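J.: What shape does this take:
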Amino acid sequence: MQSTASPGIFTTQFWLLGLSSFLFSSSFNMLIPELPGYLSDMGGAEYKGAIIGLFTLTAGLSRPFSGRLTDRIGRVPVMAFGSLVCFVCGFLYPIFTTVMPFLLLRLVHGFSTGFKPTGTSAYVADIVPANRRGEAMGIHGMCMSVGSAFGPAIGSMLSQAFSLNALFYTSSLFAFLSIAILLNMKETLQDKQRLSVESFKISWRDIFEPDVFSPALITFLCYFGFGAVATVTPDFSGYLGLQNRGIYFMVFTVSSILIRLFAGKISDKHGRMPVTIVGCFMLIVSMVITGYADSITVFLTGAAFFGMAMGILSPVLSAWTVDLSGDHNRGRAIATMFISLEAGIGLGAFLSAALFENQRSNLPLVFFCMAAFAMAGLAYTVVIYRFKGRGTRAI
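T.: Okay, here's the model as predicted:
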């Protein structure tokens, strides 16, 4: 495969990809704050953990396929398929109005994030120079984060001002616009192959790329907290008197946007591991603060720290993963990292729901357990940093 990277990162392709990712991120994130209440109204309050858990289960299971297809048929088709799933699911939510069909739809909806981010990360790596990879991942992640910030807030406003159906159809509209942009973008995979049955035959290495074990493990441990945040903070918001359940998401995402501009660039200069250590520490702090929250101010302070942690970890772990991959296995390596991410989010969602049991008194336990997983990620990073070389950018 020939490199298509340009000397800079601010190309038309880069910004079009960013706009498409913003729309995609807005599309599925705008649903998150309202779905727990929607499921409870159906009589499925005990299945709240499945809202995120099933979504991430399918996303994780589809990663080996999306990684293989990214390396064989191209980045753009894989990205477009992910957005297409969001488009279709938005129209199906108003139809699937009982518990089991709703949960089945959440399972299908997970294919969206199983495909779109895999192709996107490979595309970014193709069009930017290696020495600015962390910076590029950070800036592109900012586009995703803006969607993650404003999507939930917009979603709650739409459902309150109009209806849940208006929210679902708006989600489809955003996904459609994302697809329209992608179909006008230049493919970066040089040695494309035709789609065939062979394209779907995966091996163990398509599921787990050993070259990226370290960033994948840290991703897994750190994203337990994300699963908990997505699952229980809508209820936590209600307990504290926040009517717009998307505010926590907006605060943490805005704070992540601010730090993404610097974290990736700093890691390009000083190394991935030192910056990852800082991100893990910030994540621990955020979980503890959120667990202790007894007022809106403390609650949103925890959201700000959580955003800073994610704003550091997301671009740096992505860049670290790409550092350890080559052109021939880039999609597979990125898929491995995202499998770890989805596994962490999914298990975090199920575990937090099981610990929460719809009891406000259990919320501190939920977030302290998530802090423990982040502490394990911090400990592992410190160990490999000390024993595998302080000056090494990627190990």
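J.: all strands of this structure, in order?
T.: Using DSSP state E, the chain contains no strands.
J.: Okay, now the unreliable bits of it?
T.: Across the chain, the ranges flagged by pLDDT under 70 are 1-9, 49, 196-200, 203-207, 246, 326-331, 388-395.
J.: Isn't residue 303 up against residue 252?
T.: Yes. Between residue 303 and residue 252 there is a contact at 4.2 Å, judged by Cβ atoms under 8 Å. (Each C-beta comes from the backbone N, C-alpha and C, glycine too.)
J.: so residue 258 makes contact with residue 304?
T.: No. With contact defined as Cβ under 8 Å, residue 258 does not reach residue 304; the gap is 9.7 Å.
J.: Who has more neighbours out of those two?
T.: Neighbours were counted for residue 258 and for residue 304 using other Cβ atoms under 10 Å; residue 304 has more, 18 against 15.
J.: who's in contact with the nearest residue to that one once chain neighbours are set aside?
T.: Using Cβ to Cβ, 6 or more residues apart in numbering and skipping the chain neighbours, the partner closest in space to residue 304 is residue 255 (4.4 Å). Counting by Cβ atoms under 8 Å, 6 or more residues apart in numbering, residue 255 touches 303-308, 311.
J.: now swap in residue 242 and tell me
T.: Shown in contact with residue 242 (Cβ under 8 Å, 6+ apart): 248, 296, 299.
J.: make it 7 Å
T.: Contact analysis of residue 242 by Cβ atoms under 7 Å, 6 or more residues apart in numbering lists residue 296.
J.: again with the one 3 residues further on
T.: Residue 245 makes contacts with 33, 156, 234, 237-238, as judged by Cβ under 7 Å, 6+ apart.
J.: Max pairwise distance over those residues: which two?
T.: Using Cβ to Cβ, the contacts of residue 245 span at most 11.7 Å, a distance reached by 156 and 238.
J.: With neighbour numbers in mind, choose between these two.
T.: Between residue 156 and residue 238, counted using other Cβ under 10 Å, the more crowded position is residue 156 (25 against 14).
J.: can you tell me how far that one sits from residue 190?
T.: From residue 156 across to residue 190, the span is 44 Å (Cβ to Cβ, to the nearest Å).
J.: nearest spatial neighbour of residue 244, skipping sequence neighbours?
T.: Leaving out its chain neighbours, the residue that sits closest to residue 244 by Cβ to Cβ, 6+ apart is residue 156, at 4.7 Å.
J.: Just the ones in helices from the contacts of residue 255, please.
T.: Judged by DSSP state H, helices contain the following of these: 303-308, 311.
J.: Between those, which sits nearest residue 22?
T.: Closest to residue 22 out of the ones in helices among the contacts of residue 255 is residue 311 (15.8 Å), distances taken as Cβ to Cβ.
J.: which ones are touching the closest one?
T.: By Cβ under 7 Å, 6+ apart, the contact set of residue 311 is 255-257, 259-260, 263.
J.: quick one: residue 89 and residue 110 touch, right?
T.: No. Between residue 89 and residue 110 there is no contact under Cβ atoms under 7 Å: 9.7 Å.
J.: what number of residues lie near residue 158?
T.: Residue 158: 20 neighbours (other Cβ under 10 Å).
J.: who touches it in this structure?
T.: 166-167, 170.
J.: Residue 86 versus the closest residue to it other than its chain neighbours, what's the distance?
T.: Using Cβ to Cβ, 6+ apart and skipping residues adjacent in sequence, the residue nearest residue 158 is residue 167, 4.5 Å away. Residue 167 is 13 Å from residue 86, where distance means Cβ to Cβ.
J.: Ok, residue 106 next?
T.: Distance of residue 106 to residue 86, given as Cβ to Cβ: 12 Å.
J.: Could you do residue 59 as well?
T.: For residue 59, the distance to residue 86 (Cβ to Cβ) stands at 12 Å.
J.: Also residue 40?
T.: Distance, residue 40 to residue 86, by Cβ to Cβ: 23 Å.
J.: how near is residue 177 to residue 12?
T.: In this view, residue 177 and residue 12 are 17 Å apart by Cβ to Cβ.
J.: what about these two, which has more around it?
T.: Between residue 177 and residue 12, counting by other Cβ under 10 Å, residue 177 is the more crowded of the two (19 against 9).
J.: For the closest residue to the more buried one other than its chain neighbours, list the residues it contacts.
T.: Spatial nearest neighbour of residue 177, excluding adjacent residues (Cβ to Cβ, 6+ apart): residue 23 at 5.0 Å. Residues near residue 23 by Cβ under 7 Å, 6+ apart: 147, 174, 177-178.
J.: Could you do residue 238 as well?
T.: Taking Cβ under 7 Å, 6+ apart as the test, what residue 238 contacts is residue 245.
J.: Neighbours of residue 383, how many?
T.: For residue 383, using other Cβ under 10 Å, the count is 10.
J.: and what of residue 235?
T.: Using other Cβ under 10 Å, residue 235 is surrounded by 20 other residues.
J.: residue contacts, it?
T.: Neighbour list for residue 235: residue 36 [criterion: Cβ under 7 Å, 6+ apart].
J.: ok so, going back, reformat the contacts of residue 255 as JSON lines; add distance to residue 119.
T.: Shown next, in JSON lines, are the contacts of residue 255 (distance: Cβ to Cβ, whole Å):
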{"residue": "303", "distance to residue 119": "30"}
{"residue": "304", "distance to residue 119": "31"}
{"residue": "305", "distance to residue 119": "31"}
{"residue": "306", "distance to residue 119": "27"}
{"residue": "307", "distance to residue 119": "26"}
{"residue": "308", "distance to residue 119": "28"}
{"residue": "311", "distance to residue 119": "23"}
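J.: from those, which two are the most distant?
T.: By the measure Cβ to Cβ, 303 and 311 form the most distant pair in the contacts of residue 255, at 12.2 Å.
J.: Find residues that contact each of the two.
T.: Common contact partners of residue 303 and residue 311 (Cβ under 7 Å, 6+ apart): none.
J.: ok, the closest residue in space to residue 62 that isn't next to it in sequence to residue 93 distance?
T.: Nearest residue to residue 62, sequence neighbours excluded (Cβ to Cβ, 6+ apart): residue 114, at 3.2 Å. From residue 114 across to residue 93, the span is 19 Å (Cβ to Cβ).
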